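>>> Fold the following, please.
(4 chains)
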Number of protein chains: 2
Amino acid sequence: MSQDIPVTGYAILGLLTFGDELTGYEIKRRADMTLRFYWASPAMSQIYSELRRLTDRGLLSADARTEGGRAVTSYAITDAGQAALRAWMDGTPAGFPVLKHTVLLRLLIGHATEPEQTRQMLHDYVAELDRALDDLSEVRDSLRGADRPGEAFRFPSLVADWGLDYFAAETRHAQRALASLDETGVEHPPRPE
Amino acid sequence: MSQDIPVTGYAILGLLTFGDELTGYEIKRRADMTLRFYWASPAMSQIYSELRRLTDRGLLSADARTEGGRAVTSYAITDAGQAALRAWMDGTPAGFPVLKHTVLLRLLIGHATEPEQTRQMLHDYVAELDRALDDLSEVRDSLRGADRPGEAFRFPSLVADWGLDYFAAETRHAQRALASLDETGVEHPPRPE
DNA sequence: TGTGACTATTCCGATTAGGAACACTACTCT
DNA sequence: AGAGTAGTGTTCCTAATCGGAATAGTCACA
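Numbering: from 1, shown residues only, chains lettered A, B, ... in the order given. Predicted coordinates for the structure are as follows:
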């Protein structure tokens, strides 16, 4: 039956299972809020083309109207959409996460540059992790109050907690790599903290 | 000067900084060996088209010959290639890793299916992590003997150790999520181990 | 009245994914 | 010897995805 839908399509269906109906723009915002940390937030162009496909297949219903003089379309998941999502969740092996870890790529070929460059890069990464941790903490806090079993944000909270652990772990890994680089007496200037 | 090269291009240049010259096929194999765990191993088609571009720009030298009746081309990095790689490493901010974590995506919308499905998925993930850990351990072991400062596999070893920590951490995160799912008395059948 | 910030959608080119297809080599099993 | 199968090496194709520019209207604020 229904030809394959890319995972991004299911991600969009998933974002529409929280009981509201959204425009493409709002979906993008919700994706940036929640998905961004562990799923490359899809480009606008992709969201809109995916919305068209999902609507064509009857998995979404489109509510096109005019609001203050301009055309606006918002989308809601249909019963068929719920069923398709469910079928995907239950019937597809989860598959291993795909990672594009520029930092590790560059660490791998660290011999192609000066040690100090590599150290700098790792420090930068730790700083970015710190920022991500802050951002995600905010998201996590915004879910409090409805994060108990059966409540609306139960699963998003589990994911946010996972993400917080994840970033904390990455920080440790980066620091361990830094320590390995240091411990061996490879010369490097003192770093003012 | 040189228009932008995609990161995959630099990854290929990087794989050729270990002092040998390789065919496209061998590069793919090396990528599968090393990059695979933290950088989506590029498709064959991509490797070959990237090799062509890098050669056109003078960053690789191509050695086209006939070997046992069939055409074979192997590639080596040029001085210009070394310089371009170095410039990229030193001049480009590393950027945050991009993750496409299907497991987390599905956990996020766990309310769209039965709790038991979600548990099953997490168990599957833990099993896959176990396998990845085994594979990577093998790679790590194969680097021993030349993994000290200044030696050839110094940086690959750092990366492999990072990867091992990474998978171990993921296992903990998954298990923590499983525990959260369980602790709350959501009904589920006993799981035979 | 203009300037910038936000909402909303469309369009475009390049990169990437994920193979299949093709062809030749080398080994094993019968 | 012949068949089958695994491995090496390259090319080609389609769809998915990225990333941002272009367009366009609304709203707030000075």
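
>>> Going by C-alpha atoms from here, please, whenever you check contacts or count neighbours.
Will do.

>>> Quick check: residue A:74 is in a strand.
Yes - Residue A:74: assigned to a strand according to DSSP: H, G, I helix; E, B strand; the rest coil.

>>> Could you pull up the contacting residues of it?
Contacts for residue A:74 (C-alpha atoms under 8 Å, 6 or more residues apart in numbering or on different chains) come out as A:21-24, A:62-64.

>>> Name the SS class of the nearest residue to residue A:154 once chain neighbours are set aside, please.
Once flanking residues are discounted, residue A:154 sits nearest to residue A:147: 4.1 Å by C-alpha to C-alpha, 6 or more residues apart in numbering or on different chains. Following three-state DSSP, the label given to residue A:147 is coil.

>>> now do residue A:63
strand.

>>> count of neighbours near it?
By other C-alpha atoms under 10 Å in any protein chain shown, the residues close to residue A:63 number 14.

>>> ok, what's across the strand from it?
residue A:74 (DSSP bridges).

>>> which residues does it contact?
By C-alpha under 8 Å, 6+ apart, the contact list for residue A:63 reads A:73-75.

>>> Turn these into TSV, including distance to DNA strand D and pLDDT.
Below are these laid out as TSV (distance: C-alpha to the nearest atom of the strand, whole Å; pLDDT from 0 to 100):
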residue	distance to DNA strand D	pLDDT
A:73	14	94
A:74	16	94
A:75	18	96
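
>>> ok, and of those residues, which contact DNA strand C?
A:73-74 (C-alpha under 7 Å from any atom of the strand).

>>> that older thread, quick one: the residue nearest to residue A:154 and residue A:153 touch, right?
Yes - Residue A:147 lies in contact with residue A:153 (C-alpha atoms under 8 Å); the separation is 4.7 Å.

>>> quick one: which of those two has more around it?
Neighbour count, other C-alpha under 10 Å: between residue A:147 and residue A:153, residue A:153 has more, with 22 against 17.

>>> any idea how far that one is from residue B:58?
Distance, residue A:153 to residue B:58, by C-alpha to C-alpha, to the nearest Å: 54 Å.

>>> What's the ChimeraX syntax to select whichever of the contacts of residue A:74 are buried?
To isolate the buried subset of the contacts of residue A:74 in ChimeraX, counting by 16 or more other C-alpha atoms under 10 Å in any protein chain shown, use the following:
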select /A:21,22,23,24,62
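
>>> quick one: which of the contacts of residue A:74 is nearest residue A:176?
For those, the residue nearest residue A:176 by C-alpha to C-alpha is residue A:24; the value is 42.0 Å.

>>> what residues are up against the closest one?
Counting by C-alpha under 8 Å, 6+ apart, residue A:24 touches A:44, A:47-48, A:51, A:73-75.

>>> Return the closest of the residues you listed with respect to residue A:94.
Ranked by distance to residue A:94 (C-alpha to C-alpha), the contacts of residue A:24 are led by residue A:47 at 22.0 Å.

>>> any idea which element the closest one lies in?
Of the helices and strands defined by DSSP states H and E, residue A:47 is found in helix A:44-56.

>>> before we move on, back to that, can you flag the buried ones in the contacts of residue A:24?
The buried subset of these (16+ other C-alpha under 10 Å) comprises A:47-48, A:51, A:73-75.

>>> In JSON lines: these, plus distance to residue B:161.
What follows is the buried ones among the contacts of residue A:24, written out as JSON lines (distance: C-alpha to C-alpha, whole Å):
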{"residue": "A:47", "distance to residue B:161": "38"}
{"residue": "A:48", "distance to residue B:161": "41"}
{"residue": "A:51", "distance to residue B:161": "42"}
{"residue": "A:73", "distance to residue B:161": "49"}
{"residue": "A:74", "distance to residue B:161": "47"}
{"residue": "A:75", "distance to residue B:161": "46"}
